[in-house]
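# Kindly return the folded structure for what I paste below:
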Amino acid sequence: MTIAVVMLISSLVSLIPSDAWFIRTLDLVREPLIFASVFLVVLSLFAESRARAVAIACLALTIGINAWRVWPYWPIAREQIALEDNRPGAGPGCFSAMSVNVKVENDDHDRIAAQIARYDPDLLLLVETDRRWIEALEPVLSTYPAVQRHPQPEAFGMVFATRLPVLKANIVENTYRDTPTLYATVQPQGANPIEFIGLHPKPPLPGWNTELRDENIVRAGIQTPDRLPDAFVMGDFNDVPWSRTTTKFRQTGAWQDPRIGRGTFPTFPADFLLLGWPLDQFMVKGRLKVAAFEVLPDNGSDHRALFARLCAAPLAAPQ
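Modelled structure (predicted):
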């Protein structure tokens with residue numbers, strides 16, 4: 001009974017429009033709350049307690065509140081994006097992209113390097129990279145003609161590497177002094193230019209409320225430097241896609257999420273995804289098509305990497 005009441009109160013508190021870290025953290029555990037509530041409902045059916053009905057009612061409300069918020073990301077919901085059948089090389093403008101949170105304290109450089117080499121993305125975003133990580137991955141990075149390195153001593157370094165022709169690339173600090181955001185304009189072969197955004201804002205933790213994190217996320221989605229119609233974003237948002245912040249990012253910037261209607265695709269914690277959550281995001285806008293996307297196998301970090309295949313709109317034939 002007490003557990004059911006606490007879970008319901010937590011679910012109701014999570015709906016408060018506040019930037020307080022302890023409220024926003026509740027967004028992260030909506031799926032585990034659903035699973036735990038279903039499990040407790042089943043147990044309650046076999047309990048002989050006069051409070052059983054109240055407990056089941058509290059658990060049912062907990063399930064309803066959290067299922068309502070997560071609903072678009074369940075496989076039974078309507079898909080937002082149709083995945084294209086063509087793969088890179090099948091047409092002009094097709095390429096692959098990969099986003100990896102390496103975990104700055106992680107010493108398993110070889111596993112990360114091996115995974116990058118195996119999937120060999122045309123565009124690569126690395127986050128949580130300090131100088132030690134950049135030096136360790138230099139053999140992989142040296143295979144890319146365009147590389148921007150932005151090491152940080154803590155957990156918010158960033159590296160951008162690509163084989164696509166780069167028209168512009170800039171790493172800026174939108175909000176927090178030490179949390180960079182990448183804006184790049186690239187042009188796949190035979191296609192129109194597209195913009196890429198790489199994000200890694202700070203998480204909601206004690207002493208870190210989410211006001212600046214939320215501002216960083218939303219601003220990145222609506223203020224791309226070149227204002228191109230076709231763009232995509234990848235990175236560790238330290239936020240889940242059903243939160244009011246990432247939902248606002250998606251809606252105000254006209255972004256589309258391939259997870260909608262397919263599942264939550266959790267990426268953290270890497271070794272316990274059954275009760276994990278999707279902190280790493282991938283979205284597109286405009287005429288950019290998604291051929292495929294996936295959460296990659298464990299690579300030694302605390303996050304799983306994201307990999308996607310995309311195709312940009314081909315250049316119009318000259319008249």
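
# Give me the contacts around stretch 226-233.
97, 168, 185, 192-199, 220-221, 224, 255, 281-288, 308, 310, 312-313 (C-beta atoms under 8 Å, 6 or more residues apart in numbering). Any C-beta I mention is one placed from the backbone N, CA and C, and that applies to glycine too.

# Ignore what I typed, I meant stretch 47-64.
Taking C-beta under 8 Å, 6+ apart as the rule, stretch 47-64 contacts 1, 4-5, 7-8, 11, 33-34, 37-38, 40-41, 44-45.

# Among the contacts of stretch 226-233, which ones are in helices?
Counting by DSSP state H, the part of those found in helices is 220, 221.

# re the thing from before, only whichever of the contacts of stretch 47-64 are buried, select them in ChimeraX.
To isolate the buried ones among these in ChimeraX, judged by 16 or more other C-beta atoms under 10 Å, type:
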select :4,7,8,11,33,34,37,40,41,44
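
# Spatially central, which residue of this protein would that be?
residue 281 (1.7 Å; C-alpha atoms, centre = their mean).

# For it, list the residues it contacts.
Contacts of residue 281 (C-beta under 8 Å, 6+ apart): 199, 233, 234, 235, 237, 239, 241, 246, 257.

# Now tabulate the contacts of stretch 47-64 in a markdown table and tack on pLDDT and secondary structure.
As requested, the contacts of stretch 47-64 are arranged in a markdown table below (pLDDT from 0 to 100; DSSP: H, G, I helix; E, B strand; the rest coil):
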| residue | pLDDT | secondary structure |
| --- | --- | --- |
| 1 | 71 | coil |
| 4 | 85 | helix |
| 5 | 88 | helix |
| 7 | 90 | helix |
| 8 | 87 | helix |
| 11 | 89 | helix |
| 33 | 89 | helix |
| 34 | 90 | helix |
| 37 | 91 | helix |
| 38 | 91 | helix |
| 40 | 89 | helix |
| 41 | 90 | helix |
| 44 | 82 | helix |
| 45 | 78 | helix |
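
# Pick out whichever of the contacts of stretch 47-64 sits closest to residue 71.
residue 34 (10.7 Å; C-beta to C-beta).

# Could I get the contacting residues of that closest one?
62, 63, 66, 67, 70.

# what's the burial count for the residue nearest to residue 18 when sequence neighbours are not counted?
Take residue 18 and drop its neighbours on the chain: the residue closest to it by C-beta to C-beta, 6 or more residues apart in numbering is residue 24, 7.4 Å away. Neighbours of residue 24 under the rule other C-beta atoms under 10 Å: 25.

# cool, and residue 26?
19.

# show me the contacts for it.
10, 11, 13, 14.

# does it count as helix, strand or coil?
When classified by DSSP: H, G, I helix; E, B strand; the rest coil, residue 26 comes out as helix.

# next one: residue 291
strand.

# do you know how far it is from residue 184?
20 Å (C-beta to C-beta, to the nearest Å).

# Between these two, which has more neighbouring residues?
residue 184 (26 against 19).

# how far away is the closest residue to residue 10 other than its chain neighbours from residue 18?
Once flanking residues are discounted, residue 10 sits nearest to residue 26: 5.9 Å by C-beta to C-beta, 6+ apart. Distance of residue 26 to residue 18, computed by C-beta to C-beta: 10 Å.
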